[in-house]
Structures are given as C-alpha cells and as structure tokens.
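K.L.:
output the structure for:
(2 chains)
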Amino acid sequence: MKDEEKTHFGYREVEPDDKAGLVANVFHSVADRYDLMNDLMSGGIHRVWKRFTIEVSAVRPGHRVLDIAGGTGDLSSRFADLVGAEGEVVLADINDSMLRVGRDKLLDRGYHDNLRYVQANAENLPFPDNHFDVVSIAFGLRNVTDKERALGSMLRVLKPGGRLLVLEFSKPESELLSKAYDTYSFRILPVLGKLVAGDSDSYQYLAESIRMHPDQESLREMMESVGFTRCEFFNMTGGIVALHRGIKG
Amino acid sequence: MESINPTLHTGALAALELALNQALQLDKPGIRKLAQLQGQVFRLDCTGPQLDIYLLPDADRIRLMGFWDGEVTTSIRGSASDFAELARTDDAAAALINGNIELQGDSAPLMELQKIIAGLELDWEAPLVDSLGDVTGHQLAEALRGVFSWGQQASASISRQLEEFIHEEARLSPPRQELEDFYQDVEQLGQRVDRLQARIRKLAASVRQVAG
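P.N.:
This is a model prediction of the structure:
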C-alpha cells in the first residue's frame, strides 16, 4: 500500500482500517479513569475550556444538539440543561466503554428525559440531513481516521444556520510555551498515565496524536473546504487548545 | 485572530458564578423575584480593566458568561472606577443618568434587577473570598457592588469589616498604599518591557537589513 493511503496513529503510520481499532483500545483502556485523568492532566482547566465551548455554542431552549465523541458527558450534561424539556441532546461516541461510563455518570446525576446515547462513527453519522442545531466534538477529531469525511458528515446533519464546534488540542502560540508543553507531554504525561490509569502507552499516544493534529489555520481551512462558512477559532491557554466554530450556510 | 483570552476570563467567571449562586441560595424570596427577569440578558462592559460579563437571570440562579452570541436586553459600559462610583450612591438611576456609565437598551429591566439584588440579603464576600482568595474575591465583590449599587451603608460596612479583617486580623494583604505603590511599579515595569520590546524589534530589523 502506498504511503499517502496510510494514516497516523500518533507518530506511527498505520493502515486506515486499523486506526479505529487502535484508538478504540486506547479508550477502552482509560475509560474508567478518564475524568480523573482529565483533571490531573489539565489541572482542571479542561472544565474552563468546555465551559467556554458551551458559551460559544449559543445553545438555546428547544435546540437539538449532537455531542460527538461525547465520552463521559461533560458537554452533554450542560447541553441537556440548556435545551430543556423541549430540546434533545444526543451523546454519540464510537467507543462503547466511554459511552457506558458517560451514560452511567449522567443517569446517576438524574439526566434521562432529553438525552439519548448513540454508538456512532463520526465519519458516517446515523442521523438525517439538516437535523441538529448544534454539533460539537470535543477532543475527538484528532482520533478520527478521515477528518474531512467526518467534518462533511457533521455538515450534512446540521440544519442550515447550525453551528459546528470543534474543541481540540492545537499548536501553542509561543515557542517557549511549546517547549515546556513538549516536556510535559512526553516526560510527565505518560508517567501520570501509568500511575493513575495504569497505562502509559495510551497517554504517549495522546501526546503524539496532538502533535500530528492540524494546527489552528489548517483546521480552519479544512472546515472551509468541506463547506462550512464563517469559520473562526479561539485560542485558549496560549493555543494549547483551540475552539473552532463554523456555520452551515 | 481573536483578541479575547477566554481561559482566565471564563475561569474567573465560573468561580464568581458559583460564589454568587451559593449566596443566592440563602435567599429564596430573592430568587423568586429574580426569576421574573428570566430570559433577559444584561451586558456589563468594563473598559478598564477590559472585561465583558453577561448576566442571565434564570429560574433559580444567575448565569455569568464571558461570551454571548445573541440579543442583549441592557448593556452598561464604563470603567471599574465608574462602577465603583456608582457603588457609592443610594440612587442608582440618578447615578446612571449623571455619571460616566453609558447605558444602551432597555433600562427598566436593569433597574428592576438592581432593585432585586439591592434588596437581597446576600453575603457576597464570604463565598467569593472562599473560592477566589481574599484579595481577588474582595476586589470582585467591590466590582459587583459597583454594578448593582448596593446601599451606601451596607457597602461601607462590609468594606470596613472586610478590610479590617484582611489587614488587621488575618494579615492577608498589605495596606492600600503599599499595594498602590506595587501596582505603580508593575505598570512602570510593563512600560519598560514595551519599550525594550520595541527596541529589540528595531534592532532586529536593522540586523536583518545589514544581513540582507
């Protein structure tokens, strides 16, 4: 098989058909400790990143929202609060372990009326055209094998005027921060992963996959190329994370 | 491409919202009155320091946001000192008309909100100080008092008590003069850094010119 037909799994090049399975193993492995690890890795700042995402989402009562790679449901629960009884939130994740942990957590917190759970691949979303007011994908796009196809699928299920929000690790704005971040990601993060989730490889993958993910401008261009309009991004924490927003015209 | 730095702003507002709602939970009648304003959006546009806060009364709580993509019922704009000036008056309406604060949109809901919040028996200081630390918590509480124009007596009393506590009992913060000197030093340092940066840019341009 030719190189251009391969895809990245962290720094490794793998066959496209293998990537989903490899990513699945990572998340099966860390699902139970996912929330704890997020807090530890980011010092709790991931909550702030997600809160800002909610603000930019402009979700209103009665909206229908799709939270792709929704994992343990941080965004979905807030969306469910905002859409109210008239609206609906669909928490979708390709990984059944993550979906189970998320569903249990949200049920325990009393979320059930306006929240559904769907195991789905972002590249082939099993929903009708023009169906959602808002689609979000937080820390999920970099794990998708064919990102353009996934973005196209998200565009399809959005209503005209609906908005896509992509929250993802990105490229730090300053060189100094970038170096400190590299040290943290490749020296400290895998050790944390080993200690807390009992799995350093998964967190090594996390660090590598972040480096292989398109930077802010590239992702914005990719969103435009699949048909989103008014695409823009907001850098957070010095560009370590960026929130991209695009509108379906 | 975006000028706002959302992380700090959003984080501070999250803490403030938590503190505010903890305090609100102590006053159920106040919450019921607040629910009448559900659906209104108030924008507080602080020009110095540069800060936007959107305040959204809900059924049983207030949401604070740094970003709002939608219509605003009422917007007030001014510097922190303008808001502080507003805090020193008993008559918020007169202060808004005669002061430096610009008001856009419908003033009636804002007056209503001001009346409701001024009537609440809230202890803003304790939860703010708990979640943000003494100095920041106190400063934010001062700003909030400015915005909603608490009665002069309540404001002076709480300020005095907290200042006494911080300076004299807990010894958590240096006196105002020391702080002001420190802020001045920081500002001067900031200006020097700006000048140095400009000089470095100029030198770098000269080096590039010589090398090129």
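
K.L.:
going forward, measure contacts between C-alpha atoms and count neighbours the same way
P.N.:
OK.

K.L.:
got the CA positions of stretch A:131-142 in CSV?
P.N.:
What follows is stretch A:131-142 as a C-alpha-only set of coordinates in CSV (Å, rounded to 0.1, in the frame of the first residue of the first chain):
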residue,chain,number,x,y,z
HIS,A,131,-31.3,17.6,11.8
PHE,A,132,-29.3,19.3,14.5
ASP,A,133,-29.0,23.0,15.6
VAL,A,134,-25.5,22.4,17.1
VAL,A,135,-22.9,19.7,16.6
SER,A,136,-19.9,19.6,18.9
ILE,A,137,-16.8,17.4,19.0
ALA,A,138,-14.5,17.9,22.0
PHE,A,139,-11.1,16.3,22.0
GLY,A,140,-12.3,13.7,19.5
LEU,A,141,-11.5,14.9,16.0
ARG,A,142,-7.8,14.1,16.2
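
K.L.:
for it, what does the pLDDT average out to?
P.N.:
Per-residue pLDDT over stretch A:131-142 has a mean of 95.

K.L.:
at contact distance from chain B, anything in that stretch?
P.N.:
No. Figure legend: stretch A:131-142 not in contact with chain B (Cα under 8 Å from any Cα of the partner chain); closest approach 13.5 Å.

K.L.:
sketch out the low-pLDDT regions of the chain for me.
P.N.:
Going with chain A. Along chain A, the model assigns pLDDT under 70 to residues A:1-4, A:27-32.

K.L.:
looking at chain B here, not the other one
P.N.:
B:1-5, B:83-90, B:115-137, B:140-176, B:179-180, B:183.

K.L.:
state the distance from residue B:61 to residue B:113.
P.N.:
13 Å (Cα to Cα, to the nearest Å).

K.L.:
strands of chain B, start to end?
P.N.:
B:42-47, B:50-57, B:62-65, B:74-78, B:102-105 (DSSP state E).

K.L.:
nearest to residue A:207, out of those?
P.N.:
strand B:62-65 (31.1 Å; Cα to Cα).

K.L.:
any chance of TSV for the strands of chain B, columns mean neighbour count and distance to residue B:197?
P.N.:
Listed next are these as TSV, based on neighbours: other Cα atoms under 10 Å in any protein chain shown; distance: least, Cα to Cα, whole Å:
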stretch	mean neighbour count	distance to residue B:197
strand B:42-47	21	25
strand B:50-57	18	23
strand B:62-65	21	34
strand B:74-78	19	30
strand B:102-105	14	35
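
K.L.:
looking at the ones you listed, which is closest to chain A?
P.N.:
Nearest to chain A, of all the strands of chain B, is strand B:62-65, at 6.8 Å by Cα to the nearest Cα.

K.L.:
pull up the pairing partners for the closest one, direction included.
P.N.:
strand B:50-57 (antiparallel) (DSSP bridges).

K.L.:
re earlier: nearest to residue A:119, of the strands of chain B?
P.N.:
strand B:62-65 (32.0 Å).

K.L.:
residues contacting the closest one, please?
P.N.:
With Cα atoms under 8 Å, 6 or more residues apart in numbering or on different chains as the test, strand B:62-65 has contacts from A:55, B:10, B:13-14, B:16-17, B:20-21, B:53-57.

K.L.:
could you dump it to CSV, C-alpha only?
P.N.:
Provided in CSV are the C-alpha atoms of strand B:62-65 (Å, rounded to 0.1, in the frame of the first residue of the first chain):
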residue,chain,number,x,y,z
ILE,B,62,-27.8,33.6,37.8
ARG,B,63,-25.6,32.6,34.9
LEU,B,64,-22.4,34.6,34.2
MET,B,65,-20.9,34.3,30.8
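
K.L.:
what does stretch A:45-64 rub up against?
P.N.:
A:38-39, A:65, A:74-75, A:78-79, A:82-90, A:131-134, A:163, A:165, A:167, A:236, A:241, A:243, B:6-7, B:10-11, B:14, B:65-70.

K.L.:
and that stretch, how far out from the chain middle?
P.N.:
13 Å (Cα atoms, centre = their mean, to the nearest Å).

K.L.:
how about stretch A:148-160?
P.N.:
15 Å.

K.L.:
contact residues of chain A facing chain B?
P.N.:
When proximity is defined by Cα under 8 Å from any Cα, chain A lies next to chain B at A:45, A:48-49, A:51-52, A:55-56, A:58, A:232-237.

K.L.:
mind running it again at 6 Å?
P.N.:
A:48, A:55, A:234, A:236-237 (Cα under 6 Å from any Cα of the partner chain).

K.L.:
that older thread, please pick the buried ones from the contacts of stretch A:45-64.
P.N.:
A:65, A:74-75, A:79, A:82-84, A:87-90, A:131-134, A:163, A:165, A:167, A:236, A:241, A:243, B:6-7, B:10-11, B:14, B:65-68 (16 or more other Cα atoms under 10 Å in any protein chain shown).

K.L.:
now, those residues that are in helices?
P.N.:
If you go by DSSP state H, those have A:74-75, A:79, A:82-83, B:6-7, B:10-11, B:14 in helices.

K.L.:
pick out the most distant pair among those residues.
P.N.:
Across these (Cα to Cα), the longest gap, 24.5 Å, separates A:83 and B:7.

K.L.:
regarding chain B, what is its longest helix?
P.N.:
Per DSSP H, chain B has its longest helix at helix B:176-211.

K.L.:
oh sorry, the question was meant for chain A
P.N.:
helix A:16-30.

K.L.:
name the next helix or strand downstream of that helix, please.
P.N.:
Sequence order places helix A:34-42 as the next helix or strand after helix A:16-30, per DSSP states H and E.

K.L.:
that following helix: how far from the chain's middle?
P.N.:
Taking Cα atoms, centre = their mean, one finds the center of helix A:34-42 at 15 Å from the center of the full chain.

K.L.:
other SSEs contacting that helix?
P.N.:
Using 3 or more Cα pairs under 6 Å, 6 or more residues apart in numbering or on different chains; DSSP states H and E as the contact test, no helix or strand touches helix A:34-42.

K.L.:
give me the buried positions along that helix.
P.N.:
Here helix A:34-42 shows A:34-35, A:37, A:40-41 as buried, counting by 16+ other Cα under 10 Å.

K.L.:
how big is the angle separating the helix or strand following that helix from helix A:34-42?
P.N.:
Counting by DSSP H and E, the next helix or strand C-terminal to helix A:34-42 is helix A:45-57. Here helix A:45-57 runs at 100 degrees with respect to helix A:34-42, directions being taken by axes from the mean of the first three to the mean of the last three Cα atoms, to 10 degrees.

K.L.:
I'd say residue B:73 and residue B:44 touch.
P.N.:
No. Assessed by Cα atoms under 6 Å, residue B:73 is found out of contact with residue B:44, at 11.2 Å.

K.L.:
before we move on, could you check phi and psi at residue A:229?
P.N.:
Per-residue torsions, residue A:229: phi -120, psi 170 (degrees, to the nearest 10).
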